[in-house]
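# fold the following for me, if possible:
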Amino acid sequence: MSRRRVAAITRRLLQQFRRDRRTLALLFFAPLVILALLGYLLRGGGSVPTMGVANLDTGPLGGVVASQLERSNTVSATNMSQADAETKLHNGDLAGYVVLPPDFSAQAQQARVVAPDVRLEGSQPGLSGSILQAVSQSFTALASTAGVHFEPRVTYLYGGPNFDTLDYFGAAFVGLVVFFLVFVITAVAFLRERGQGTLERLMASPLRRPEIVLGYMLGFTVLALIQSAEVLAFSLLVLHVHNSGNVALIFILEALMAIAAVNLGIFLSMFARTEFQAVQFIPLVIVPQILLAGIIFPVSTEPRLLQVLSHVLPLTYAVEGMRNIMIKGADLGWSSLQLDFGVVLGFAVLVILAGATTLRRRIA
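Residues are numbered from 1 along each chain as shown. I've put the predicted structure just below:
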């Protein structure tokens, strides 16, 4: 084995990377961005779940429990009437609330058993768990001093006690899987068309630029729609992901995400020379959206700065729309779902126009 030949190959490889700034950015910049986002999400001091306390008790113990909840670091608790708490729960302003009945103190002193009503929004298991944990902790001191046993009556606005992690993440992953795979396949396949000279020959023909983009878009979209139907059917029929909404609405939103992914892949492929460079857009474009769109971490618990950024990303609205339909049973009468559809549709139109205007004959 010749050391000189091995060293020559090594130098040649390093020189190639030195001239490829996009690859260097992927190697040294993208990991820092992703880790910084993760660190900020996990340690950035995001807000805690908001809950209500409807203290109807005329005795002293209800005030003790309410004070414990207000001082809790697990939740942000506020005293309010039961009617206001229920209204805010439906509006999405609360993750849950607890009702301390008028005879709460009497129950604790006589029966030694308290059974407060805990009402949870239920669409996000993590937030529901925080509410239950805070309520349970608020009764710890009461149980130790007065020997009171805590037996809450828990009800859910959405989901239910059997609503698990797959149900929560499945609503987002139904659209995310399609968005991610369609984006990658379209970007690589469109770049291959350019690399093989097919696109250059089409540009030299009487075909207009919008016609070329539309033709490619429709071709990729047909495949994307078939994939969307397959993913949706598998999720609902095989995995039994929770669904309370209209399947047609799910598919329409999924189709809009697929169309957006197709045209985003076409658009970004204009800025790549090789298939490897096309794949480099995944950690730069897709991964930050996965972290910030509420798929893993609820947007409401993110630090304020990242919440602002999250509300700019189209994937945030797509994920929220999917969860509104599948978990909450939303229809187009919901203003929030209208906003979700509008943003995803607007983004799809934007990337279609971007792809048509940036199409050029030669590789970047």
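
# tell me, how many residues neighbour residue 52?
27 (other C-beta atoms under 10 Å). From N, CA and C alone the C-beta is placed, and that goes for glycine too.

# three-state assignment of it?
Following DSSP: H, G, I helix; E, B strand; the rest coil, we place residue 52 in the strand state.

# you'd agree it is up against residue 75?
No: taking contacts as C-beta atoms under 8 Å, residue 52 lies outside contact range of residue 75: 10.0 Å.

# mind checking the longest helix of this structure?
In terms of residue count, the longest helix belonging to the chain (DSSP state H) is helix 165-195.

# return the distance of that one from the chain's centre.
Using C-alpha atoms, centre = their mean, to the nearest Å, we find the averaged C-alpha position of helix 165-195 to lie 14 Å away from the chain's own average C-alpha position.

# for that helix, give the mean pLDDT please.
Along helix 165-195, the predicted local confidence has a mean pLDDT of 85.

# buried residues in it, which are they?
When neighbours are counted by 16 or more other C-beta atoms under 10 Å, the buried residues of helix 165-195 are found to be 167-180, 182-191, 193-194.

# contacts only, for residue 310.
Under the criterion of C-beta atoms under 8 Å, 6 or more residues apart in numbering, the neighbours of residue 310 are 292, 293, 294, 299, 302, 316.

# which helices and strands sit right next to the helix or strand immediately after the longest helix of the chain in the chain?
Scanning forward in sequence from helix 165-195, with DSSP states H and E defining helices and strands, the next element found is helix 198-204. The criterion is 3 or more C-beta pairs under 8 Å, 6 or more residues apart in numbering; DSSP states H and E, and the helices and strands that helix 198-204 contacts are helix 165-195, helix 209-233.

# where's the most centrally placed residue in the chain relative to residue 238, distance?
Against the mean C-alpha coordinate of the chain, by C-alpha atoms, centre = their mean, the closest residue is residue 295 at 2.6 Å. In this structure, residue 295 and residue 238 are 21 Å apart, going by C-beta to C-beta, to the nearest Å.

# inside helices: which ones of the contacts of residue 310?
Mapping the contacts of residue 310 onto helices (DSSP H) picks out 292, 316.

# what's around residue 9, how many residues?
Neighbour count of residue 9, defined by other C-beta under 10 Å: 10.

# can you read off the pLDDT for it?
According to the model, residue 9 carries a pLDDT of 73.

# quick one: secondary structure of it?
Residue 9, by the three-state scheme (three-state DSSP), is helix.

# against residue 3, how distant is it?
As defined by C-beta to C-beta, residue 9 lies at a distance of 11 Å from residue 3.

# just for the stretch 251-364 of the chain, where's the confidence low?
Along the stretch 251-364 of the chain, the model assigns pLDDT under 70 to residues 359-364.

# please redo it, this time with the cut-off set to 80
For the stretch 251-364 of the chain, the stretches flagged by pLDDT under 80 are 270-280, 283-284, 300-301, 355-364.

# what's the closest non-adjacent residue to residue 326?
residue 171 (4.2 Å; C-beta to C-beta, 6 or more residues apart in numbering).
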